[in-house]
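A.B. asks: Below are the sequence and a predicted model; questions follow.
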Amino acid sequence: MNGGWRDLEEGDVAVQTVPRTTSPPGPPPPRRRRRDGQARAAWLFLLPSFIGFAVFTAGPVVAAGVISLLDWNLFSPPTFAGLNNFWRLGDDPTFWSALVNTAYFTLASVPLTIAVSLALALLLNRGLRRIAVFRSLLLLPYATITVAVAFVWIWLYIPTGGLVNAALGLVGIDGPAWLVSDTWAMPALILMSVWKGFGFGMVVFLAGLQAIPQQLYEAARVDGASPWQGFRSITIPMLSPSFFFVIVTSIIGSFQVFDQALIMTNGGPGTGTTTLVMYIYRTGFENYDQGYAAAQSLVLFAFIAVITGIQFLLQRRLVHYDN
Amino acid sequence: MPHRFTRRDALKLAGLGIGAPGLLAGCASRPEGVASWSMWSSSPEEAEVWADFSTYVEQQMRIRSVPNLTPSNGYPTKLDLQLVSGTASLVTAINGQLLPTYAARGALRPLDDLIATDPDFDAADFYPTIRAISSFAGRPYMIGFDVAPNVLYVNKTLLAERGIAPPSPTEPMTWAQFRELAIELNAPPERYGFTCTLEIDDLVSWIYSAGGNVMNADATAGALDEPEAMEAIDFLVGLFARDKITPPIANLIPTNSRANFMEGNVAFMQNGPWQVVNVRKAEFEWDIVPFPAGAAGSTPRVSGSGFAIPAAVEGADLELAWTLLKTLTSTDALNIYAAAGRNNPARYSAGSAFQPPPANVGIVQRILAGELAGGHPFEVTTNWNQVKQMLNQDLPRGFLGQLTPAEVVTGLTPRLDVLMTQHQDNVRLAELRK
């Protein structure tokens, strides 16, 4: 043998036999070495995120799954409870009340937040002077911590002398005692949350609006389209990825509403503004019923997962990605 | 020359990131051979008191004192995590309301054997009410450091403006006299007769003074539907919803009653003497008088706090913990507490936190000693957080006039009964664990 060549005999033509190994011997070419090194560096940079995700997100979810099957008061050794914690949910009126309250909050706050965000983004996209100043001012509520905002809104909602009722009084409306009213406590929280949250959607929509090619509008104008037709047929479809992102994150966020309800109404009057996360917190850390709290949190997780899954399915039909 | 971020640097950072949790876990464990103790502290003034305590501990025990101070709002959550993870201090402060909750779940160590074998410890020097609050199922689980009854704060300036003499500093008003006076002083929106929180913590003083309770004597069922408790609920709700002698309810935040009183336009406030330190900042003349007397006399809620030893503390640590606990609740230590004027020490032998002026603040110790008026230890269950949460969600509907007192009580009684059954289960489990 002499490498892939057999000894030549007279009359033979030179024939090369194909070697069985495909990779040539010796070190890989420099470009591939560089690629491998880059991949290793990329994994290394991603590693902290993966570790963080495993320890602080995936780990607790798995732990919640296990704890939901236990009867555990934190201090004594846990005992196996099977699916009992899940069956308890069916007979717990406060859980269902909290679920309905959370759904009410979500159904009202998400569309309102999106409408306000979009309206302001459209306004800011009209080439106003000092747009950066306006954008920063409008983003301030979102950047402010919820606890501080909640305390400010408690003052705004004071029945006598509060700014909200004073403003209503100017147009002849006798405002209610917002935060203690059966009817108005939840709308009061929703209004505050819309004010607190519109800044995020506004920035996303503004970025989406600024990415729409102007030629599309020019072509539409040439074809005789009205501004409304341009908005409906160009702006809305081109903004659909932004809509999708804002809707998904807003729904997830609103299902997790907690701070403002705890601070402004303490879940009351009655259980009128008790939200799911507030009830989970109280069950787990005030009532020391960890297994039941874990079962509730898994149900909340399932709700969010199903709703987000449906949104991703609808995305295929409704969201337009212009590549 | 600027430093280039190399792959080696990235590796170092990743290693640091992976090692940091281990380091933190190491820091989280209880330090060995030091006198570690936990306490809530929400202001620089409070922190100063605990720093003095710490110095006193070091002087007495000749060992390093490590106070773990946490704002009061976050204290229970932090304590829970420390108890579960075995990182709690040797001695930890406990609010009396939560003592049965922790004791029934095996989080705290009973102290009866330590008390019985220690001739230096004088249990009789502690007020009977704090001894009752410190016990669960007949066994002591904490040693008290403060205790106080609810009292009635009086805006003397407002009364003087109307030409009305302040109520007696020693003889409690009857409910009827109190109501009449509060109505006379009420002239909304300029001034109001009375303020308190809409919570069970305040309502319970009226219930005790009427001879009722939240639950029956065995804590097997709710007792808010009993005539005595109903009378108290109806009376207090009436002050809000019928007589309208209270400032309008703007929200359900408990701190509002003090804020209302400090405005200077409310004649009376129900609160604990621990608010004296805050009310001293008022820009009007004020004082305190005994709580109004109902059918059972003036027997408002008496509440208190103490120091306890976590169940996981054993061996040499236990000896150290017991010495530390005795030091923290000694007469000299409680005198430091009294001197700060924050709340009444739990011992007869300690000084009073409430020295005049105003003239009547000294009545707190006399009430506790049984020399005038009276008090009722705050009776709570092993699931008091749940009971409190349920009552505090339902009761405000009555105060707001959304439901009648009877409707409120009828609505919550079945759920209260369920919670009492749960409490009995907790007690049984605690018995089994012995």
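C.D. replies: Yep, that arrived.
A.B. asks: thought residue B:332 was touching residue B:55?
C.D. replies: No - Residue B:332 lies out of contact with residue B:55 (CB atoms under 8 Å); the separation is 11.7 Å. C-betas here are computed from N, CA, C, even on glycine.
A.B. asks: and residue B:352, what does it touch?
C.D. replies: Contacts for residue B:352 (CB atoms under 8 Å, 6 or more residues apart in numbering or on different chains) come out as B:338, B:344, B:345, B:362, B:364, B:365.
A.B. asks: quick one: the residue nearest to the third one when sequence neighbours are not counted and residue A:194, what's the gap?
C.D. replies: Leaving out its chain neighbours, the residue that sits closest to residue B:345 by CB to CB, 6 or more residues apart in numbering or on different chains is residue B:334, at 3.7 Å. Applying CB to CB, to the nearest Å, one obtains 52 Å for the distance of residue B:334 from residue A:194.
A.B. asks: just residue B:430 next, same as before
C.D. replies: For residue B:430, the distance to residue A:194 - CB to CB - is 48 Å.
A.B. asks: do the same with residue A:242
C.D. replies: Distance from residue A:242 to residue A:194, counting by CB to CB: 18 Å.
A.B. asks: what do you get for residue B:318?
C.D. replies: Distance of residue B:318 to residue A:194, computed by CB to CB: 56 Å.
A.B. asks: More neighbours: the two, which one.
C.D. replies: Counting neighbours by other CB atoms under 10 Å in any protein chain shown for residue B:318 and for residue A:194 shows that residue A:194 has the greater number, 20 against 15.
A.B. asks: Quick one: neighbours of residue 262, just the number.
C.D. replies: I'll assume chain A. Counted by other CB under 10 Å, the residues lying close to residue A:262 total 20.
A.B. asks: should've been chain B
C.D. replies: One way to gauge burial is a neighbour count; for residue B:262, by other CB under 10 Å, it gives 19.
A.B. asks: Which segments of chain B make up each domain?
C.D. replies: If the domains of chain B are taken from automatic domain parsing, they occupy B:31-149+B:303-339, B:151-299+B:381-433, with pieces of a single domain joined by a plus sign.
A.B. asks: What residues does chain B have near chain A?
C.D. replies: Applying the criterion CB under 8 Å from any CB of the partner chain, the portion of chain B that neighbours chain A consists of B:7, B:10-11, B:14, B:17-18, B:21, B:77, B:80, B:83-84, B:101-102, B:105-107, B:189, B:248-253, B:311, B:383, B:385-386, B:389, B:392-394, B:396-397, B:400, B:402, B:429, B:433.
A.B. asks: how does it look with 6 Å?
C.D. replies: Where chain B comes near chain A, counting by CB under 6 Å from any CB of the partner chain, the residues are B:7, B:10, B:14, B:17, B:77, B:80, B:84, B:105-107, B:248-252, B:385-386, B:393, B:396-397, B:400.
A.B. asks: Now the domains of chain B in TSV, please, with extra columns for mean pLDDT and distance to residue A:32.
C.D. replies: Conversion of the domains of chain B to TSV gives the following (pLDDT from 0 to 100; distance: least, CB to CB, whole Å):
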stretch	mean pLDDT	distance to residue A:32
domain B:31-149+B:303-339	93	49
domain B:151-299+B:381-433	93	63
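A.B. asks: Just the pLDDT for the residue nearest to the spatial centre of chain A.
C.D. replies: Within chain A, one residue has its C-alpha closest to the average C-alpha position: by CA atoms, centre = their mean, that is residue A:249, at 2.3 Å. On the pLDDT scale, residue A:249 is placed at 95.
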